[in-house]
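Asks: Pasting the sequence and the predicted model now:
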Amino acid sequence: MKTLLVSLDHTAATEHTLAYANKLAVRWPAEIVLLYCHPTPAEPLSDAATAAVLATEEQRLRGLVERLRYQQLTRQDGRRIRYSYRLHTGCLHDHVRAEAARCGADMLVMSLEHVDCGRAEAPGNHAAAIRALVDCPVLLVPPGRRSLPNHLVFSADFSTLPLAVLPRASALAEAFPAPLELVQFYAPQERSRRRALKLALGRAAAQLTWPEVATHLLEDDAPLEGTGDFCARTKAQLLLIAPTNQAELLRYFDACYTATRAYHTRIPVLVLPSTAPAASVTCCDKCAERLGQTEAQTPRTLAKIAGL
């Protein structure tokens, strides 16, 4: 049984994220683990008060689940999905890695416009921070109602893409069994590499298990803009990317693209892991301070153990 870890918050887009995850869970099929992190209040609460807050939030989630599963799915499909609930206090950054490992998540599904630590974060910043913490694909769902994709685009530099990415991408063919187009861009000054790039593109296509794979080698000195234009021209409904670092992922959701509602910010984006998760990522000064206190205590703890 596949597992979708679905991170929810209190934004209006949460409903759209869960509705999309529901459809994906029926098609794959998969179990859904709902993860909610309640912002830490300014004044510390007692354990009993904290438990009461989380119990209230869980009831809220259950109400949302029951409403969506029968409003937007057939009764038979709605009954087929298995849900479990994981609620914590603190930030998503504090818990997402452990929760993904605990449930063996095959994919993390979250809204592009997510609230964490009780505040809204720029879409790219938040996506990059969370992606650095987990070792599974991350599906970023923008606001709005949408159906599952029937046309996919995978944009990458296939000549340098780590080989481990392709089998992980193929594992998702069952979830998204639509025609897949591989797109490789090269700059005008790289024309001498066309043959090598075309061979790399062909090797990548041969390793993917989608029922229908097409390849495109295109000249463009701005690959990101070229990717958006290609997705718009072909009316793609899902974009797959495999950025090798956070800076590359951040460029996809730069403020200029979100402000102008560029095409690739208006369709779900599936971020494939191409690097190992970071050791630690903090999203705000409060988290960084807490992480620093923990790291400072570690040597003292080890010294005590050694003394014993």
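Replies: Arrived safely.
Asks: could you pull out the helices for the stretch 101-250 of the chain?
Replies: Secondary structure of the stretch 101-250 of the chain by DSSP state H, counting those that start in this stretch: the helices cover 123-131, 165-170, 194-207, 223-234, 246-252.
Asks: Comparing those, which stretch has the densest surroundings?
Replies: Most buried of those by mean neighbour count (mean count of other C-beta atoms under 10 Å) is helix 123-131; its value is a mean of 22. C-beta here means a position set from N, CA and C on the backbone, and glycine is covered the same way.
Asks: which helices and strands does that helix pack with?
Replies: The helices and strands touching helix 123-131, judged by 3 or more C-beta pairs under 8 Å, 6 or more residues apart in numbering; DSSP states H and E, are helix 92-103, strand 107-111, strand 138-141, helix 246-252.
Asks: Which one, of the helices of the stretch 101-250 of the chain, ends up nearest to L87?
Replies: Evaluated with C-beta to C-beta, the helices of the stretch 101-250 of the chain place helix 123-131 nearest to L87, the distance being 17.6 Å.
Asks: what's the angle between that closest one and helix 92-103?
Replies: Interaxial angle of helix 123-131 relative to helix 92-103 (axes from the mean of the first three to the mean of the last three C-alpha atoms, to 10 degrees): 40 degrees.
Asks: how about the CA coordinates for helix 123-131, as PDB?
Replies: Taking C-alpha atoms only, helix 123-131 is exported to PDB below (Å, rounded to 0.1, in the frame of the first residue of the first chain):
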ATOM      1  CA  PRO A 123       6.100  29.800  -1.800                       C
ATOM      2  CA  GLY A 124       9.600  29.100  -3.000                       C
ATOM      3  CA  ASN A 125      11.300  29.600   0.300                       C
ATOM      4  CA  HIS A 126       8.900  27.300   2.100                       C
ATOM      5  CA  ALA A 127       9.000  24.600  -0.600                       C
ATOM      6  CA  ALA A 128      12.800  24.600  -0.700                       C
ATOM      7  CA  ALA A 129      13.100  24.400   3.100                       C
ATOM      8  CA  ILE A 130      10.700  21.400   3.400                       C
ATOM      9  CA  ARG A 131      12.100  19.600   0.300                       C
END
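Asks: Outside of that helix itself, list whatever touches it.
Replies: Identification of contacts with helix 123-131 by C-beta atoms under 8 Å, 6 or more residues apart in numbering yields 7, 92-93, 96, 108, 110, 112-114, 116, 121, 138, 140, 246, 249-254, 258, 265, 271, 273, 281, 283.
Asks: Could you tell me the angle between that helix and strand 107-111?
Replies: With the same axes, to 10 degrees defining the directions, helix 123-131 sits at 150 degrees from strand 107-111.
Asks: Centre of the chain to helix 123-131, how far?
Replies: Distance, stretch centre to chain centre, for helix 123-131: 9 Å (C-alpha atoms, centre = their mean, to the nearest Å).
Asks: what lines up beside the biggest strand by length in the chain in the sheet?
Replies: In the chain, with assignment by DSSP state E, the single longest strand is strand 30-38. Next to strand 30-38 in the sheet, as set by DSSP bridges, lie strand 2-8 (parallel), strand 83-89 (parallel).
Asks: what residues go with each domain of this protein?
Replies: With domains defined by automatic domain parsing, the chain comprises 2-146, 152-271.
Asks: Centre-most residue in the chain?
Replies: In the chain, the centroid-proximal residue (C-alpha atoms, centre = their mean) is V138; its distance is 2.1 Å.
Asks: Quick one: residues contacting Y257.
Replies: Y257 neighbours (C-beta under 8 Å, 6+ apart): 228, 264-265.
Asks: can you list those in CSV and add distance to R86 and pLDDT?
Replies: Formatted as CSV, those follow (distance: C-beta to C-beta, whole Å; pLDDT from 0 to 100):
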residue, distance to R86, pLDDT
G228, 35, 94
H264, 31, 93
T265, 29, 92
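Asks: of all those, which comes closest to D220?
Replies: Nearest to D220, judged by C-beta to C-beta, of the contacts of Y257 is G228 at 10.7 Å.
Asks: how about the residue nearest to the closest one when sequence neighbours are not counted, secondary structure?
Replies: Nearest non-adjacent residue to G228, counting by C-beta to C-beta, 6 or more residues apart in numbering: H264, 4.4 Å away. Put simply, H264 is helix when judged by DSSP: H, G, I helix; E, B strand; the rest coil.
Asks: That concludes my questions; thank you for your assistance.
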